[in-house]
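>>> Take a look and give me a structure for this.
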Amino acid sequence: MDWESPAILLTTRRFAEADLIATAFTETQGRHAGLVHGGQSRRHSALWQAGNLLHLRWTGRLADNLGSFSAELAHPAAALAMDRADALAILLAALAVADGILPERIPHPLSFAALLRMIAVLADPPAALAALVGFELTLLGELGFGLDLGRCAVTGATADLRYVSPRTGRAVGGEAGANWAPRLLNLPGFLRGGNHPPTLSDLADGLRLTGHFLARDAFGVSHRPLPPARLALYQRIAPPAERPEPG
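Predicted coordinates:
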């Protein structure tokens, strides 16, 4: 049996003398692994780089076999990010989160589309950081840990949402949460539908928000911390007083 799908390469590891075991986030098959024959060769090294968008083909005798991958390059995201430390840090953080919590062989099409949107704007780091937060929110939702950012948990109002409860994941209005602000997570403007470009502080708030729930719920279910690449990204942009990332 076999299938084909757009895919984002998440990780590779050496296997035997010349081959690789690759793991990809595919649009139609979810997170999926496969053997790449000759993947360590110079001829194929540029293709099998984490972050690249591929047109992936899988073949195997049975559906539950490891099977083999072959691919064509659709977008060289890894090479384009390699010369930009900020873009590379964003890409590696996103790939680590996806590889760390996506279940095997279960499609998550909304998360795939969100990660694809992030990769498309890697050349613009502020836009890519905002897209990364959007990807993480989408992923939390598809995994069953979605946040309710549409209305105040206290009053039911949909305006002036400023905070998020770290316990419930529900938005809280500015007036309702004023007395509890130190205990709440900030809800950045770009997640409230604001039209202004996010500031660095907004982006740090967004990463802190999704990082809290990723660490507590998605990774916390299996008693694992956030991946080092994700922690490093937050520490890269967060004000010194807010480090390390909570969760």
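>>> Next, the contact list for the most centrally placed residue in the chain, please.
Against the mean C-alpha coordinate of the chain, by CA atoms, centre = their mean, the closest residue is Ala94 at 3.6 Å. Shown in contact with Ala94 (CB atoms under 8 Å, 6 or more residues apart in numbering): Leu115, Met118, Leu132, Phe135. All C-beta atoms are positioned from the backbone trio N, CA, C, and that covers glycine.
>>> Beyond the helix or strand containing it, next helix or strand please.
Element membership of Ala94 [criterion: DSSP states H and E] is helix 85-101. Note on helix 85-101: by DSSP H and E, the next helix or strand toward the C-terminus is helix 109-120.
>>> Could you tell me the average pLDDT over the next helix-or-strand element following that following helix, please?
Scanning forward in sequence from helix 109-120 by DSSP H and E, the next helix or strand is helix 125-142. For helix 125-142, mean pLDDT is 97.
>>> Identify each buried residue in helix 125-142, please.
125-140, 142 (16 or more other CB atoms under 10 Å).
>>> cool, and stretch 201-209?
Asp202, Leu203, Ala204, Asp205, Gly206, Leu207, Arg208, Leu209.
>>> I'd say Trp58 and Gly34 touch.
Yes - look at Trp58 against Gly34 with CB atoms under 8 Å: they come within range, at 5.3 Å.
>>> Show me the domain layout of this structure.
Using automatic domain parsing, the domain parsing of the chain gives 2-79, 84-149+187-242.
>>> Touching the longest strand seen in the chain from outside, list them.
When the chain is parsed with DSSP state E, its longest strand is strand 2-15. By CB under 8 Å, 6+ apart, the residues outside strand 2-15 that reach it are 20-29, 31-32, 35-36, 39-40, 48-60, 71, 74, 77-78, 95, 98-99, 112, 115-116, 119.
>>> List the ones among these that fall in strands.
20-26, 31-32, 35-36, 53-59, 71, 74.
>>> Settle this for me: His32 is touching Gly60, isn't it.
No - in this structure, His32 is not within contact of Gly60 by CB under 8 Å, at 10.5 Å.
>>> Please say which of the two ends up with more neighbours.
His32 (25 against 16; other CB atoms under 10 Å).
>>> Please name the residues that touch the more buried one.
Going by CB under 8 Å, 6+ apart, His32 touches Ala7, Thr23, Ala24, Thr26, Trp58, Glu104, Arg105.
>>> which residues does it bridge with?
As for beta bridges, His32 partners with Ala24 under DSSP bridges.
>>> Okay, it and Arg61: tell me how far apart.
To Arg61, His32 is 16 Å away according to CB to CB, to the nearest Å.
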